[in-house]
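**Q** Generate coordinates for the sequence data below:
(one chain, ligands or ions: 1)
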Amino acid sequence: MLKPRPTPTREQISLDGLWHFSVGDAFDPDTTLEAAVPASYNDLFTDPAIRDHVGWAWYRRTVRVPRGWTGERILVRVEAATHHGRVYVGDTLVAEHVGGYTPFDADITDLVTAGAEFRLTIGVNNELTEATIPPGTITVDQAGRKRQQYQHDFYNYAGLHRSVWLHSVPEVHVTDVTVVTDLDGMVHYEVEPASARVRILDASGAQVAVGADGVAKIENPTLWQPGAGYLYTLEASIDGHDIYEQPFGVRTVEVRGTDFLINGEPFYFTGFGKHEDTPVRGKGHDDAYLVHDFQLLDWIGANSFRTSHYPYAEEVMDFADRHGIVVIDETAAVGLNLAVVSGLTGAPPRQTFSPETFGDDTRDAHAQAIRELIARDKNHPSVVMWSLTNEPASNEDGAREYFEPLVKLARTLDPTRPLTYSAVMFAAAANDQIADLFDVLSINRYYGWYIATGDLATAEQYLEQDLRGWLARFGKPIMMSEYGADTQAGLHSIWDTPWTEEYQSAFLAMHHRVFDRIDGFVGEHVWNFADFQTSHGIHRVDGNKKGVFTRDRRPKAAAQELRRRWRELGHRKPA
Ligand code: GCB
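**A** Next up, the predicted model:
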């Protein structure tokens, strides 16, 4: 899905700002509330009934169509309505979309007039069920209120989390662009319609190649590299109608043996699992935090992150492209694991993948999430791998039948990028049923935290045995996609005391010793970049505190430990 961009033939107007707001089955015309867009609505208001609301919430404003737009197609782009959005012009439903972290368009051409105002209403529903991605369950309490449960720990923030645009495209227009490159500067592209003319421009805007039959050749290309994000532009034009400009980078990605290669060179991932999460805004995109977070990634020497546990705002992906930060791009399929629930609540375990639990409907929603992620992010050079899911019950019967078609789908949609998923604690090398379908082993483990708490010597043995087991059985590159310890900033101890800053540092150092002993180890993503908000639970104190930075982005002591290590590495495995 092409991102709206201003070009000589296309215009766009931001609809961000304050919208009238209410919660309930329909928009309340008497509401006095106003909500910020983009932002989660949950933490904006003081009323707990809004924070914990389960169901529809409504945003409304008037919009004037620019008077020059006669004859254009006019669309509303909603970048994220979490999790289910409905768009109305006046009282007419013009678009509906399920999936809280991918964009959709409403074509409103026939309902609006250039120069005139119209009333735009967007409904957002935050309900998660066994047929949504991510999944969840709704119950009704004794007072008749709906309650939402889910298997992931991060808070189920809802609302218009990203920008909303009014944008125009010409009647005859470019509808899709796909770019694949190799190191000799061959640019293979597919443009719809295929009759569009293609030129390639370098970063200064100078033409460096002209396309023919789906190929253009850049002489002596400047590569997109980790740490140096050089971008070209593919300009697709339909004479007399449309011009679209698609940025791309020249780079390759490949898994060979136990190496992860970028541009043919072994790459070692350093960085984090992140979240889109800030005070007050919740999951709303914020350019200030975007800039600051990338500054902190640079400061600490991180070269990469995973978009745990959902696709991030397109601004984030564009920024990573421009600044050479490597991204593992994940779908919102988190929580396909019912053993985790029974582990936490003591409820009798239910089989995760079955017609009564996560069956065909869930898989259909998951397939759609994969389609939308790849359609949106396929041209980002920063994206080097797709993560199809986080911590599924890959050890349970039914997992293989569930995942095999999804892996096939992802490979058909993008044959160029490796695939991974993050393996949960209960899925060990001996009982995992799906890892051979994927290219890279990404392992989430909490030895020294949930297991062997406060006992780093035992944790070190468990960790090494575990990682070596995966390598021995699957012979693929292996990375740690999560390891971390909750840490209360300001808490100190001379002993190995969980929750202290010293313990977090010692915990990470222990992991790094193990990683450095294992050949075939290709990267380390600490959980988490920053503290983040969660649902209530006895395991959390005002959120998950495994951040190396606090929620307001102040470093804990472990940040220095990581900075010392990562700034030395230069994208290479420690010698
Ligand atoms: C995990 C999950 C992550 C949690 C983390 C934790 O395994 O993948 O979403 O936040 O553990 O801190 O418990």
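**Q** Show me what from the stretch 401-550 of the chain comes close to the ligand.
**A** With the criterion set to Cβ under 6 Å from any ligand atom, the stretch 401-550 of the chain comes near the ligand through 444, 482, 527, 544, 546. The way it works is simple: take the backbone N, C-alpha and C, and place the C-beta from them, glycine included.
**Q** let's see 5 Å
**A** With Cβ under 5 Å from any ligand atom as the criterion, the stretch 401-550 of the chain meets the ligand at residues residue 444.
**Q** go on, the stretch 251-400 of the chain?
**A** Neighbours of the ligand within the stretch 251-400 of the chain, by Cβ under 5 Å from any ligand atom: residue 391.
**Q** next structured bit after the lowest-mean-pLDDT helix or strand in the chain?
**A** In the chain, no helix or strand scores lower on mean pLDDT, DSSP states H and E than helix 338-345, which sits at a mean of 78. Going down the chain from helix 338-345, the next helix or strand is helix 360-377, by DSSP states H and E.
**Q** So what touches that next one?
**A** By Cβ atoms under 8 Å, 6 or more residues apart in numbering, the residues outside helix 360-377 that reach it are 1, 3, 98-99, 102-103, 130-133, 135, 311, 314, 317, 329, 331-333, 336, 383, 386, 388-389, 402, 405-406, 409-410, 413-414.
**Q** Buried residues of the least confident helix or strand of the chain, list them for me.
**A** 338, 339, 340, 341 (16 or more other Cβ atoms under 10 Å).
**Q** and of those residues, the nearest to the ligand?
**A** Nearest to the ligand among the buried residues of helix 338-345: residue 340, at 8.3 Å, using Cβ to the nearest ligand atom.
**Q** Skipping its backbone neighbours, what lies nearest the closest one in space?
**A** Among residues not flanking residue 340 along the chain, residue 151 sits closest, at 5.5 Å (Cβ to Cβ, 6 or more residues apart in numbering).
**Q** Does that neighbour touch residue 130 like I think?
**A** No. Counting by Cβ atoms under 8 Å, residue 151 does not reach residue 130; the two are 10.6 Å apart.
**Q** Next one: the residue nearest to residue 340, what pLDDT does it get?
**A** We have a pLDDT of 92 for residue 151.
**Q** what's near enough to touch it?
**A** By Cβ under 8 Å, 6+ apart, residue 151 lies in contact with 134, 135, 136, 334, 335, 336, 337, 338, 340, 341.
**Q** what sits against the residue of the stretch 201-350 of the chain found nearest the ligand?
**A** Nearest residue of the stretch 201-350 of the chain to the ligand: residue 309, at 5.9 Å (Cβ to the nearest ligand atom). By Cβ under 8 Å, 6+ apart, the contact list for residue 309 reads 134, 152, 154, 275, 330, 332, 334, 390.
**Q** And residue 427, by the same measure?
**A** Residue 427 makes contact with 393, 394, 395, according to Cβ under 8 Å, 6+ apart.
**Q** Tally up the residues packed near residue 68, please.
**A** Neighbourhood size, residue 68 [other Cβ atoms under 10 Å]: 11.
**Q** for it, helix, strand, or coil?
**A** Put simply, residue 68 is helix when judged by DSSP: H, G, I helix; E, B strand; the rest coil.
**Q** Please report how far the nearest residue to residue 551 once chain neighbours are set aside lies from residue 541.
**A** Leaving aside its sequence neighbours, residue 551 sits nearest to residue 531 (Cβ to Cβ, 6+ apart; 4.3 Å). From residue 531 across to residue 541, the span is 10 Å (Cβ to Cβ, to the nearest Å).
**Q** the more surrounded of those two?
**A** Neighbour tally, residue 531 and residue 541, criterion other Cβ under 10 Å: the higher count belongs to residue 531, 27 against 13.
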